[in-house]
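K.L.:
Test case, fold it:
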Amino acid sequence: MIKLLKLRESDFDTFKSWIANKDELFSFAGPILKYPITDEQLLNYTNDSQRVVYKVVLLESNIMIGNAELNFENPTPRLSRILIGNKADRKKGLGKIIVEKMLEKLFSEYDFQNVDLNVFDWNKSAVKCYESVGFVVNPDIVYKHNYNNKIWTAINMTMSKSDWIKKRQ
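P.N.:
Presented below is the predicted three-dimensional model:
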């Protein structure tokens, strides 16, 4: 259904077309990218040695529909910046497939025993998606972001490789 390929400079215009305003950008990328997104920002983002940034491509059409990142900034790797770009492609189960592919890549190609992610608590559909794959909320880690004079709360979710293996059986 999908494949993950490295995000390239030739993909930047498509990527930028998905983000209509600074609120959408912050909800997807947090403080790492600034609106409006520039090619220079995206070059810095994709060339960061602590990140592996993928475009999500539909197999049947070979069209780029999303973005996903493996982040290695911390001792525990993190799934980050998962986005299905076109709103018409959302709520079709693609998010779950993307997360499953990312976990397969992480646990098959790298030697890690755990993975985590952060998600804004108001993003109930994303939380439900992550739970359906096997992530659980880590109540000990919560992040507060002051954005536009409002506090946005991000919750942390975790999964172990052993739980991932059990879930697949």
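K.L.:
Show me where the protein has its strands.
P.N.:
2-6, 51-58, 64-71, 78-84, 114-120, 136-147, 150-160 (DSSP state E).
K.L.:
can you give me how far the first one is from the chain middle?
P.N.:
Distance of strand 2-6 from its chain centroid, counting by C-alpha atoms, centre = their mean, to the nearest Å, is 13 Å.
K.L.:
quick revisit: go through the strands of the chain and name the closest to Gln169.
P.N.:
strand 150-160 (14.4 Å; C-beta to C-beta). (Glycine included, C-beta is placed from N, CA and C.)
K.L.:
The closest one packs against which elements?
P.N.:
Counting contacts by 3 or more C-beta pairs under 8 Å, 6 or more residues apart in numbering; DSSP states H and E, strand 150-160 packs against strand 114-120, helix 124-133, strand 136-147.
K.L.:
What residues sit buried inside the longest helix belonging to the chain?
P.N.:
Identified as the longest helix of the chain according to DSSP state H is helix 94-109. Residues Leu94, Gly95, Ile98, Val99, Glu100, Lys101, Met102, Leu103, Leu106, Phe107 are the ones in helix 94-109 that count as buried (16 or more other C-beta atoms under 10 Å).
K.L.:
then that helix to PDB, C-alphas only?
P.N.:
Provided in PDB are the C-alpha atoms of helix 94-109 (Å, rounded to 0.1, in the frame of the first residue of the first chain):
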ATOM      1  CA  LEU A  94      -3.100   5.200   6.300                       C
ATOM      2  CA  GLY A  95      -1.700   6.700   9.500                       C
ATOM      3  CA  LYS A  96      -1.700   3.300  11.200                       C
ATOM      4  CA  ILE A  97       0.000   1.700   8.100                       C
ATOM      5  CA  ILE A  98       2.700   4.500   8.200                       C
ATOM      6  CA  VAL A  99       3.400   3.900  11.900                       C
ATOM      7  CA  GLU A 100       3.600   0.200  11.400                       C
ATOM      8  CA  LYS A 101       6.100   0.600   8.500                       C
ATOM      9  CA  MET A 102       8.100   3.000  10.700                       C
ATOM     10  CA  LEU A 103       8.200   0.500  13.500                       C
ATOM     11  CA  GLU A 104       9.200  -2.300  11.200                       C
ATOM     12  CA  LYS A 105      12.000  -0.100   9.800                       C
ATOM     13  CA  LEU A 106      13.200   0.900  13.200                       C
ATOM     14  CA  PHE A 107      13.200  -2.500  14.900                       C
ATOM     15  CA  SER A 108      14.500  -4.400  11.800                       C
ATOM     16  CA  GLU A 109      17.200  -2.000  10.700                       C
END
